[in-house]
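*Asks:* Any chance you can model this:
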Amino acid sequence: MAVDTSSQMETDDEIIHAQVGKNASRTNGDVEMHISEEEQARQAIDNLKGEDLSERVAAANRLDGIAKTLGEQRTREELLPFLTEGVDDEDDVLSAVASSLGKLVPYVGGPSHIHTLLVPLEILLSVEETTVRENAQKSAETISQALPEDDYHSKYASMITRLANKEWFTARISACVLIAASFKKITNAEQEQQANHFAQLCRDDVPMVRRAAAQNLGNVVLSIVETKGVLCVGPGGMLTTAFIPLYEELASNEQPDSVRLHTTENCIAFGKGMALLQQNKSADGLSIEAANVLVKRIVPLIVATIEDRSWRVRWTAASKFAQVIEAFKDLEGTYSMDTLVPAYEKLLQDPEAEVKTAATLNLAAVAKCKCKHIPLLAKQLGQEFFNDQMIKLCVGWLGDNISTIRKSAAENLKELTNIFGAEWAIEYLIPSLGDIKRHQSYLRRLTAVQAFVAMSTVMDPDLSRTEILPIVLLMATDNVANVRFNVAKGLQTMAPICGQATTDTQIRPILAMLVDDPDRDVRFFASKTIEYLDSE
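*Replies:* Numbers count the residues shown, from 1 in each chain. Next comes the predicted model:
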């Protein structure tokens, strides 16, 4: 960027003198302050043309100050051409220029002239250095948002098309990013055109371009869903005809690892998109069924990553599997969860330590996303693994801040007791639950009561009477009323299991105590349970 611009730009002294002349009517203090600001700008201009790299970088970071000093017309006619001609400068300078271009929007002369920033921007979007392109992409987003609608379509969208078709692959990498970011704002005809360009980029000969396309495929998919709604699915929909095939191609084993790494993230985007479609009020039975058909093409691709030959691809699946579950958990039908949850077992038992660690660390989040599937996961993992990895986790959810998770956690313990047997529950679950009765959080104590009662319904009556009932009766003296009235409610369930003799000798005396409790709700539920027992 250290080029001779003496024939192009006026001397900096002329700039300063002209500006000072305009402000001659100001007070001395105002003029001195103004001169100081313009002295700094003049120094920045000199530095921008200088030989010292660090000074050029510093000046490039102050382009907005330079533009403010030059004025709108000179910024357009002199500064921007100067920046355009200087694209052979060091990467550090170009990176700073790329970041600063977005800050020049207020200094080029209003909306009708903002498009002039696209000339140097397009060149910077094509350079080899990644950080320069990334900064230029951020500035492109800022500039595009300020463009008038006509210029957006005629100039900005056209720039993206040129980038997508340039011979140098780095320009095509930038096109992948800009197509994804601009899709919602362009017309239907432009969307069709950019979708075709994006398809070309997904099939580009250069792996780095395909990687960039894979990185941005999910964003394009969500934009299609949001702009086209239910029209994007079905036999002629854009997702069905173009983007599902692209996803399948980018996830295939023929792709390099760097491309397949993004299969999981794209699966998440597709899942979110399908969920949005099913939640759409205009969605009919046909469009919902079409979305379900697409899901059955998408889910196997994420399952395939679990067996991918690259441990990095498997690690990505393990570390993001909770997001996958979250994206698909609310879809109609059970296909997604019935397929995804069992597949997770393979990640938990992966031969690579990094993958197994990521899967184990992510297990809580996976289970929490769809807590009701813990029993299914337990069946897949087996008792030994579950004992080592999951018991503390499941018991810990009894104290979660979200009530639905606490409720699911209690139900899970019942199902686990049913799966692994009462003896297993006595050895592994009840000791942990017994510790909870002294926990400082009343929510944990309250949910523990509910868990004990639920577990008693799937245990042998003798074990329920000897192992669970004594703990529940002890919690009738808890200092929090919510815990006590849950004991009163729970005893209505446990009494028939424990038998008449135990009801008369152990349960009724506790209920008689709770009927006289200071708390109104405790008295109410104790009375209801007594009424129930009397009616039996």
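*Asks:* Could you check how far Ala157 is from Tyr335?
*Replies:* Computed as CB to CB, to the nearest Å, the Ala157 to Tyr335 distance reads 39 Å. Using the backbone N, CA and C atoms, a C-beta is placed for each residue, glycine as well.
*Asks:* Look at the closest residue in space to His439 that isn't next to it in sequence and say how many residues are nearby.
*Replies:* Distance criterion CB to CB, 6 or more residues apart in numbering; nearest residue to His439, sequence neighbours excluded, is Arg445 at 5.8 Å. By the measure other CB atoms under 10 Å, the count of residues near Arg445 is 22.
*Asks:* Tell me which other helices or strands the one helix or strand Arg445 maps to touches.
*Replies:* Arg445 is located in helix 442-456, with elements delineated by DSSP states H and E. For helix 442-456, the elements it packs on are helix 403-420, helix 430-436, helix 469-474, helix 481-498, judged by 3 or more CB pairs under 8 Å, 6 or more residues apart in numbering; DSSP states H and E.
*Asks:* Adding distance to Ala59 as columns, could you present those in a markdown table?
*Replies:* Output for these, formatted as a markdown table (distance: least, CB to CB, whole Å):
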| stretch | distance to Ala59 |
| --- | --- |
| helix 403-420 | 55 |
| helix 430-436 | 64 |
| helix 469-474 | 74 |
| helix 481-498 | 66 |
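*Asks:* want to try CSV for the ones you listed, with mean pLDDT and distance to Leu70 as columns?
*Replies:* Below are the helices and strands packed on helix 442-456 laid out as CSV (pLDDT from 0 to 100; distance: least, CB to CB, whole Å):
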stretch, mean pLDDT, distance to Leu70
helix 403-420, 81, 60
helix 430-436, 79, 71
helix 469-474, 94, 80
helix 481-498, 95, 70
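*Asks:* Save those as TSV, and put in distance to Arg260 and mean neighbour count too.
*Replies:* Below are these laid out as TSV (distance: least, CB to CB, whole Å; neighbours: other CB atoms under 10 Å):
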stretch	distance to Arg260	mean neighbour count
helix 403-420	34	20
helix 430-436	41	17
helix 469-474	51	17
helix 481-498	50	22
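*Asks:* quick one, which of those is nearest to Ala454?
*Replies:* helix 403-420 (3.8 Å; CB to CB).
*Asks:* Just the C-alphas of the closest one, formatted as CSV.
*Replies:* What follows is helix 403-420, C-alpha atoms only, in CSV (Å, rounded to 0.1, in the frame of the first residue of the first chain):
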residue,chain,number,x,y,z
SER,A,403,-39.8,-28.7,37.4
THR,A,404,-40.4,-30.9,34.3
ILE,A,405,-36.9,-32.2,34.6
ARG,A,406,-37.4,-33.0,38.3
LYS,A,407,-40.6,-34.8,37.4
SER,A,408,-38.9,-36.8,34.6
ALA,A,409,-36.0,-37.6,36.9
ALA,A,410,-38.4,-39.2,39.4
GLU,A,411,-40.1,-41.2,36.7
ASN,A,412,-36.7,-42.3,35.3
LEU,A,413,-35.8,-43.8,38.7
LYS,A,414,-39.0,-45.8,38.6
GLU,A,415,-38.3,-47.1,35.1
LEU,A,416,-34.7,-47.9,36.0
THR,A,417,-35.9,-49.9,38.9
ASN,A,418,-38.2,-51.7,36.6
ILE,A,419,-35.3,-52.4,34.1
PHE,A,420,-32.6,-53.4,36.5
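*Asks:* Figure out how far that helix is from the centre of its chain.
*Replies:* With CA atoms, centre = their mean, to the nearest Å as the basis, helix 403-420 stands 28 Å off its chain's centre.
*Asks:* who touches the closest residue to Phe198 other than its chain neighbours in this structure?
*Replies:* For Phe198, ignoring the flanking residues on the chain, the nearest one in space by CB to CB, 6+ apart is Ile179 at 5.1 Å. Applying CB atoms under 8 Å, 6 or more residues apart in numbering, we find Ile179 in contact with 160, 164, 194, 197-198, 201, 216, 220.
*Asks:* follow-up on the earlier one: what is the subsequent helix or strand relative to the helix holding Arg445?
*Replies:* Following helix 442-456 toward the C-terminus (DSSP H and E): helix 461-463.
*Asks:* Show me what that following helix is in contact with.
*Replies:* Residues contacting helix 461-463 (CB under 8 Å, 6+ apart): 422, 426, 497-499.
*Asks:* how does it look with 10 Å?
*Replies:* 417, 422-423, 425-426, 430, 455-456, 469, 494, 496-499, 502 (CB atoms under 10 Å, 6 or more residues apart in numbering).
*Asks:* Need the max-distance pair from those residues.
*Replies:* The widest separation within these (CB to CB) is 22.6 Å, between Glu423 and Pro496.
*Asks:* Once you drop chain neighbours, what's closest to the residue positioned nearest the centre of the chain?
*Replies:* Central residue of the chain (CA atoms, centre = their mean): Gln323, 7.1 Å from the mean position. When the adjacent residues along the chain are set aside, Gln323 lies closest to Ile268, with 4.9 Å between them (CB to CB, 6+ apart).
*Asks:* quick one, what contacts that neighbour?
*Replies:* 218, 222, 302, 320-328.
*Asks:* By neighbours, which of the residues you listed wins?
*Replies:* When neighbours are counted by other CB under 10 Å, Phe321 leads the contacts of Ile268 with 29 neighbours.
*Asks:* Just the CA trace of stretch 92-105, in PDB.
*Replies:* Extracted in PDB, the C-alpha atoms of stretch 92-105 (Å, rounded to 0.1, in the frame of the first residue of the first chain):
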ATOM      1  CA  ASP A  92      -1.700  -7.000   8.500                       C
ATOM      2  CA  VAL A  93      -2.600  -3.800   6.700                       C
ATOM      3  CA  LEU A  94      -5.200  -5.400   4.500                       C
ATOM      4  CA  SER A  95      -6.800  -7.000   7.500                       C
ATOM      5  CA  ALA A  96      -7.100  -3.600   9.200                       C
ATOM      6  CA  VAL A  97      -8.500  -2.000   6.000                       C
ATOM      7  CA  ALA A  98     -11.000  -4.900   5.600                       C
ATOM      8  CA  SER A  99     -12.200  -4.200   9.200                       C
ATOM      9  CA  SER A 100     -12.400  -0.500   8.700                       C
ATOM     10  CA  LEU A 101     -14.400  -0.500   5.400                       C
ATOM     11  CA  GLY A 102     -17.600  -1.200   7.300                       C
ATOM     12  CA  LYS A 103     -17.000   1.900   9.400                       C
ATOM     13  CA  LEU A 104     -16.900   4.200   6.300                       C
ATOM     14  CA  VAL A 105     -20.600   3.900   5.700                       C
END
